[in-house]
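In: When you get a sec, could you give me coordinates for this:
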Amino acid sequence: MQIEMTIKGLTVDPITNMPIVILRDSEEKHVLPIWVGVFEANAIASQIENVASSRPMTHDLLRNVIQDLKARIDRIVISDIQDNTFFSFIHMEVGGEIVAVDSRPSDAIALALRVSAPIFVEKTVIEGAKKLEFSAENAEPERLTKWLEDLDPEDMGKYKM
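Out: Just a heads-up that it's a prediction; the model follows:
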């Protein structure tokens, strides 16, 4: 079963200092934190803030290629989690058929933002994310879990949605 989610915000893990994209469903029953790289977070943040660059960045280029080829992004789906790694697909309509293209979630999310495509997450991914193993040095799984559970929209900084 897939659950539609939106980006609630972009924040930083207080333990590892890595960016986290926070996804949440419309009923606020499910929250999914996805750790991303700094460059990927920048691609997401620039779109959240509507910052245009003078030349197309990678995700802008991909959007332009897809549109110029008369294809359309239908949705993205975060489909699996294995060994603390998330997997996703970009579903595109090409010539009247839906094609699923393997993608990192951060790239899929950055692209979805650029074309206003919906973001879906398999329920099994949400359930699996609750069992993530935190391996960073000095990471305290209980502390991080408590922090995520208590995460308030005001904690999101300037990247709130």
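
In: okay, now Arg104: neighbour count?
Out: Close neighbours of Arg104, defined as other CB atoms under 10 Å, add up to 16. Bear in mind the C-beta positions are built from the backbone N, C-alpha and C, glycine included.

In: Check Asp60 too.
Out: Other residues close to Asp60 by other CB under 10 Å number 18.

In: what's the distance between it and Pro105?
Out: Using CB to CB, to the nearest Å, one gets 18 Å for the distance from Asp60 to Pro105.

In: secondary structure element for Glu28?
Out: If you go by DSSP states H and E, Glu28 is not part of any helix or strand.

In: Tally up the residues packed near it, please.
Out: For Glu28, using other CB under 10 Å, the count is 8.

In: do Ser46 as well
Out: 18.

In: Can you pull out the residues in contact with the helix or strand where Leu23 lies?
Out: For Leu23, the host element (DSSP H and E) is strand 19-25. Strand 19-25 is contacted by residues 3-13, 30-38, 40-41, 44, 78, 105-106, 109, 119, 121, 151, 156 when judged by CB atoms under 8 Å, 6 or more residues apart in numbering.

In: quick one: average pLDDT of stretch 67-80?
Out: Mean pLDDT, stretch 67-80: 96.

In: typo on my end, it should be stretch 114-130
Out: 93.

In: sorry, back to before: which of the contacts of strand 19-25 count as buried?
Out: Using 16 or more other CB atoms under 10 Å as the burial test, those include 3, 5, 7-13, 30-36, 40-41, 44, 78, 105-106, 109, 119, 121, 151, 156 as buried.

In: now this structure, which segments are flagged as low pLDDT?
Out: Counting by pLDDT under 70, the chain shows low-confidence ranges at 131-161.

In: ok, now with 90
Out: 9, 12-17, 27-29, 39, 42-43, 46-58, 83-84, 127-161 (pLDDT under 90).

In: Can you show me the strands along it?
Out: For the chain, the strands defined by DSSP state E occupy 2-12, 19-25, 31-35, 72-82, 85-94, 97-103, 119-122.

In: Dump those strands to TSV, plus distance to Ser54.
Out: Listed next are these as TSV, based on distance: least, CB to CB, whole Å:
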stretch	distance to Ser54
strand 2-12	23
strand 19-25	24
strand 31-35	29
strand 72-82	24
strand 85-94	26
strand 97-103	26
strand 119-122	28
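
In: Nearest approach to Val51 belongs to which of these?
Out: Closest to Val51 of these is strand 2-12 (CB to CB; 13.2 Å).

In: if we can go back for a sec, looking at the strands of the chain, spot the one closest to Gly128.
Out: So among those, strand 72-82 is nearest, using CB to CB, at 4.4 Å.
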